[in-house]
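J.: quick one: sequence and predicted model below, then my questions.
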Amino acid sequence: MTATDPRDRGAAAHALDLTELAQQLRVDAVRVADLAGSGHPTSSMSAADLVAVLLAHHLRYDFNRPDHPGNDRLIFSKGHASPLLYAMYRAVGAVGEEELRSYREHGSRLEGHPTPRLPWVDVATGSLGQGLPVAVGMALAAQRLEKVPYRVWVLSGDSEMTEGSVWEAVEYAGAEHLDALTLIVDVNRLGQRGPTRHQHDLDAYARRLRAFDWHTVEVDGHDVTAVDHAFEEARATGGRPTAILAATRKGRGVAAVEDREGMHGKPLEDAGSAIAELGGRRSLRVETAAPPAVPATAPTAPREPELPRYEVGDKVATRDAYGKALAALGAVRHDMVVLDGEVSDSTRTQFFAEEHPDRFFECYIAEQQLAAAAVGLQARGFLPYASSFAAFLTRAHDFIRMAAIGRASLCLVGSHAGVAIGKDGPSQMGLEDLAMFRSVHGSTVLQPCDANQTARLVAAMADLDGIRYLRTMRGGTPVLYGPDEQFPIGGSKVLRHSRADRVTLVGAGVTVHECLKAADRLGEAGIPVRVVDLYSVKPADAAALHAAASDTGCLVTVEDHRPEGGVGDAVAEVFSDGRPMPRLVRLGVRHMPASATPEEQLREAGIDADAVAAAVELLVETAVVR
């Protein structure tokens, strides 16, 4: 069967064809879960009619050109319904029978939850509550940047509608009038362990969505004609996003599992009988509508940015250098966008916003939406820099984790790092951020100590892949490096060095300056030490650290961060390659800070120059005794 526009045929025949397609999708979902011995067929079966109508009559997509700029975007936020997604790909001919049967097998592209290993998947899903927030980023790209009339469709489960991130997205989309966005909620009443909060009360969902200025349509999700009309209404609605609230039954079409508890995430016990009850296997083929033609734009190679330049000895906050560098980079990178969480006057992204307001997105106090919008924007080919306080980015960790799974490419920047922020107290101090970002697969983690270094690293981040994180400081620090100094990713800078060095001090950020002060005092006391600025925390400069260990035999790491997962651990991991481990002392923030001046904070944490010098003196004294 090739599905055609309902206006060209009788309603009864139209309904029959779509129902047949939906049954094919259900059968294929049952089949692949049975072959894999795992999966979520019942969650797929509830939404089959919705997907059949969308696929046959409303999705404008060229599956031979997944990068077509006019393609609609489809996000399966309920990623566990992957059997339905892959059955859909079979129906359009994108996936053949042999590959379909490889579902969940080792090496298969058809993973348990979809990822961009498949060219038609924009973002990884599976952690519920993320599809709609990411779709907001895509809709922003469509309406504010690309000016291309594609639609963004999101298939959501009803269980995930309790996630706070969903309501961050709902409010944002309503406030921004994202009428290119359509949310399809498969209200199948049952979650993993039993009924959902609102079960089949569609009005409960509608009232909440309308309160955020959404247009809502309530529909029987198994009435394909009604679903078709609902999609038409969504496409015709301007000025507001639309939510289609579809009442469905989990396991639809198979009496043994339909609307029954305890069937979630399990293959059907008798797949053969279920397939027969659904009418048997089918091989219907769908031709989706073509996307609108979009004028081609020739890519332009970005020029070198005129980065801000600072004089050695000046005292400048790295957050100021970050903001100025962003603005300079934005002048030559027209694919660059910046997002902030209502702290742009503190993170200094306000400098970018003032010069490039059309590419600045205020996400307000909603860090999950901040990260998700960045993921959606990068999926549309933009280069996002998203900023907030380092402490608050921890709220977005799951989105960052999923972004890495989805092979996303984005830059994240956390300001107000460490106890050095001073009197605001521990709730505002980023003390866990390095550990969080270092644990993300394929991430790059940078911690500059001065303004010129910051500017260079901000520019370097643009040319990297994966998740990049840069940590900035609130207070001013002396400029150590000239404006033309280079800082390769994975490198470090040796700031003090002699053949007589007894110990190596390894710092990053504010502690580099404390290490330098300690080195000067120790030198006056006849104890020469090496000082390494480990600005690239991940990847760390293994060669420099191995050389320092070989030359001095002892390393002292100093960090304005918890000792777990930060600079000290990064240095220790360098020696996990089997080479001899040097004596390693790690100074970090081990207590619970309170309000105090920056100087008092560093002293109490035991990471100021006095504490560093005392640690070295103790090490040297111990070595002499031995």
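T.: Right, received. Where do you want to start?
J.: what pLDDT does the model give Arg7?
T.: pLDDT, Arg7: 39.
J.: my error: substitute Gly578 in the last question.
T.: 79.
J.: and the one 3 residues further on, by the same measure?
T.: Turning to Met581, the model gives it a pLDDT of 87.
J.: ok, for it, nearest residue in space, not its chain neighbours?
T.: In this structure, Met581 finds its nearest non-sequential neighbour in Phe575, 4.7 Å apart by Cβ to Cβ, 6 or more residues apart in numbering. Just so you know, the C-beta spots here come from the backbone N, C-alpha and C atoms, and that holds for glycine as well.
J.: likewise Arg210?
T.: Nearest to Arg210 is Thr216, by Cβ to Cβ, 6+ apart, at 5.8 Å.
J.: counting contacts, what elements does the strand or helix carrying Leu326 pack onto?
T.: Assigned by DSSP states H and E, Leu326 belongs to helix 318-330. Applying 3 or more Cβ pairs under 8 Å, 6 or more residues apart in numbering; DSSP states H and E, one finds that helix 318-330 contacts strand 336-340, helix 344-347, helix 350-355, strand 410-415, helix 451-461.
J.: now with 6 Å, please.
T.: Contacts defined by 3 or more Cβ pairs under 6 Å, 6 or more residues apart in numbering; DSSP states H and E place helix 318-330 against helix 350-355, helix 451-461.
J.: any idea how far that helix is from the middle of the chain?
T.: Going by Cα atoms, centre = their mean, to the nearest Å, the spacing between the C-alpha centre of helix 318-330 and its chain's C-alpha centre is 22 Å.
J.: quick one: contacts of it?
T.: The contact list for helix 318-330 (Cβ atoms under 6 Å, 6 or more residues apart in numbering) reads 305-308, 336, 338, 348-349, 351-352, 355-356, 415, 448, 451, 454-455, 458-459, 472-473.
J.: may I see the ChimeraX selection of the buried members of those residues?
T.: Burial among the contacts of helix 318-330 is assessed by 16 or more other Cβ atoms under 10 Å; the matching ChimeraX selection reads:
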select :305,307,308,336,338,348,349,351,352,356,415,448,451,454,455,458,459,472,473
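J.: longest helix in this protein, please.
T.: Using DSSP state H, we find that the single longest helix of the chain is helix 11-36.
J.: so where do the strands sit in the stretch 201-350 of the chain?
T.: Listed in chain order, the strands of the stretch 201-350 of the chain (DSSP state E, counting those that start in this stretch) span 215-220, 242-247, 315-317, 336-340.
J.: relative to Ile527, which of these is closest?
T.: strand 315-317 (27.9 Å; Cβ to Cβ).
J.: what residues does the closest one touch?
T.: Residues contacting strand 315-317 (Cβ under 6 Å, 6+ apart): Tyr310, Ala451, Gly476, Pro478, Val479.
J.: so the first one touches Val479, yeah?
T.: Yes. With contact defined as Cβ atoms under 6 Å, Tyr310 and Val479 form a contacting pair (4.7 Å).
J.: what do the two both touch?
T.: Val316, Ala451.
J.: show me what counts as buried in stretch 493-513.
T.: Buried residues in stretch 493-513 (16+ other Cβ under 10 Å): 493, 495-496, 501-513.
J.: stretch 93-112 too?
T.: Ala94, Val95, Glu99, Leu100, Ser102, Tyr103, Arg104, Ser108, Arg109, Leu110, Glu111, Gly112.
J.: and the second one, what does it touch?
T.: Taking Cβ under 6 Å, 6+ apart as the contact definition, Val95 lies against Tyr89.
J.: hmm, back to that, could you report the pLDDT at the residue nearest to Met581?
T.: For Phe575, pLDDT reads 94.
J.: neighbours of it, how many?
T.: With neighbours defined by other Cβ atoms under 10 Å, the count for Phe575 comes to 17.
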